[in-house]
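> sequence unavailable; structure follows:
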């Protein structure tokens, strides 16, 4: 039987919409399978974000926002002189950039409203020392969002309270989108590039005081730009993801403010974010508990300058090193047990650079034992190439334990003489179950910020950030970060 052109098109459309032949009427409605779901989840989230007021926030959320700002500024200042950032800024110099927004740690350097967030975002993430949310996702929310808020806030003379509300909104959108796209990370996406874009758009849109429809549009504009691959761990690109998230947040919010539209179902749609970026979906997480559970209160902070999943292992190796008191040259074997995702995410046995060593379980375990530390100095090119570190790395066996949580680890060290030392870590330092204190965050900030801006200015910044809710112009804080 000869098929007409109309028959062929109808058969093809039937395959596109799930193998069921479509009538001409609903064929138009179901074009490309993106028919409306009627769930209204993205729109409901947009309405909620647009309605958040400072007075609605519990004290814990306000306090956590200040902690996030303090920690991120310190990380950005510490990364401001990194060679990766130097390359980026030189490139912007070649391309040209309207000097509107402050570049942190670079006195006199200003870039455009789009370029400054890229630079500040990259420097905030390049050392992998920035805050990380582990509430069902692994997201560096602050470094994807605060560069956008600082650029727009400085330009608009936004108040400190406006920034606190916007950052809280960013956590709501980014974390909830990640929880809804439940296998997103397993697909190889770098969440700070993908979910970070969602977070940055929500925060920037809220800072601009967009209405519910405009914020919904901003989320859609952001999602269609979201990107970032885990394959780029250990390269200059990983921290670029954070900067580009901030860039997309500024662009999405500015476009939405002028009526630029997008799908109102970008998160839950049949071809939306959670479906495209994840093999499984838990879309109810997008709106579950809105206004009752504030995602920012579950934020975590890093005592160590490397991938957060390595922190339980580092805690264990520092503890067992203190117990053993044996030089690395006397060690015969090291056994470390971790959650399986640690091996999946940090399986670089022989890192060739400092950036790559931040995702090497063997390297992290070795420097933690030898130095009893895992700061910026432990993840440099020089430390990665150190002969003593390389020798100990070869003796370390890291094995998965399905019974372990992601914040749990155990370590056993056996000396050449046969002595054995063991330890177990129930909850890694910096997690919600074992949080860093306010004083610990201040100490970390001073360690990070002082080389860039001096001890006196760093102390003044701490005082300013702790009074963030009283600032009438956040630009005063931003311009003090140089």
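It's in. Small disclaimer: the values here were computed from a predicted structure and weren't measured.
> in this structure, which segments are predicted with low confidence?
1-33 (pLDDT under 70).
> what about the strands in it?
With DSSP state E, the ranges of strands along the chain come out as 101-102, 110-111, 132-133, 299-300, 331-338, 396-400, 409-415, 420-425.
> those strands into a markdown table, with extra columns for mean neighbour count and distance to residue 444?
Heads up, the C-betas are built off the backbone N, CA and C, glycines and all. Below are the strands of the chain laid out as a markdown table (neighbours: other CB atoms under 10 Å; distance: least, CB to CB, whole Å):
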| stretch | mean neighbour count | distance to residue 444 |
| --- | --- | --- |
| strand 101-102 | 26 | 22 |
| strand 110-111 | 20 | 27 |
| strand 132-133 | 26 | 14 |
| strand 299-300 | 24 | 13 |
| strand 331-338 | 20 | 24 |
| strand 396-400 | 17 | 26 |
| strand 409-415 | 23 | 21 |
| strand 420-425 | 18 | 20 |
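> quick check: which of the ones you listed is nearest to residue 321?
strand 409-415 (7.7 Å; CB to CB).
> who touches that closest one?
312-313, 315-317, 319-321, 324, 326, 330-339, 342, 365, 369, 401, 404, 420-425, 428 (CB atoms under 8 Å, 6 or more residues apart in numbering).
> okay, now the sheet partners of it, with direction.
Partner strands and pairing direction for strand 409-415 (DSSP bridges) are strand 331-338 (antiparallel), strand 420-425 (antiparallel).
> turn those into TSV, columns for distance to residue 355.
Formatted as TSV, the strands paired with strand 409-415 follow (distance: least, CB to CB, whole Å):
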stretch	distance to residue 355
strand 331-338	21
strand 420-425	25
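> out of the ones you listed, nearest to residue 282?
Across the strands paired with strand 409-415, closest to residue 282 is strand 331-338 (CB to CB), at 25.5 Å.
> give me the neighbour count for the closest residue to residue 342 other than its chain neighbours.
Take residue 342 and drop its neighbours on the chain: the residue closest to it by CB to CB, 6 or more residues apart in numbering is residue 309, 4.7 Å away. Residue crowding around residue 309 was assessed by other CB atoms under 10 Å; the count is 25.
> residues touching residue 309, list them.
Contact partners of residue 309, counting by CB under 8 Å, 6+ apart, are 138, 338, 339, 341, 342, 345, 346, 406.
> repeat that for 10 Å
Neighbouring residues of residue 309 by CB atoms under 10 Å, 6 or more residues apart in numbering: 132, 134, 138, 338-339, 341-346, 359, 361, 364, 406-407, 409, 428.
> and for residue 174?
Contacts of residue 174 (CB under 10 Å, 6+ apart): 133, 137, 139-141, 144-145, 191-192, 194-203, 245, 295.
> and residue 54, by the same measure?
61, 62, 159, 160, 161, 162, 164, 165, 168, 469 are the contacts of residue 54 under CB under 10 Å, 6+ apart.
> might you report the residue contacts of the second one?
If you count contacts by CB under 10 Å, 6+ apart, residue 62 has them with 54, 161, 164, 165, 168, 294, 296, 468, 469.
> tally of neighbours for the last one?
Using other CB under 10 Å, residue 469 is surrounded by 16 other residues.
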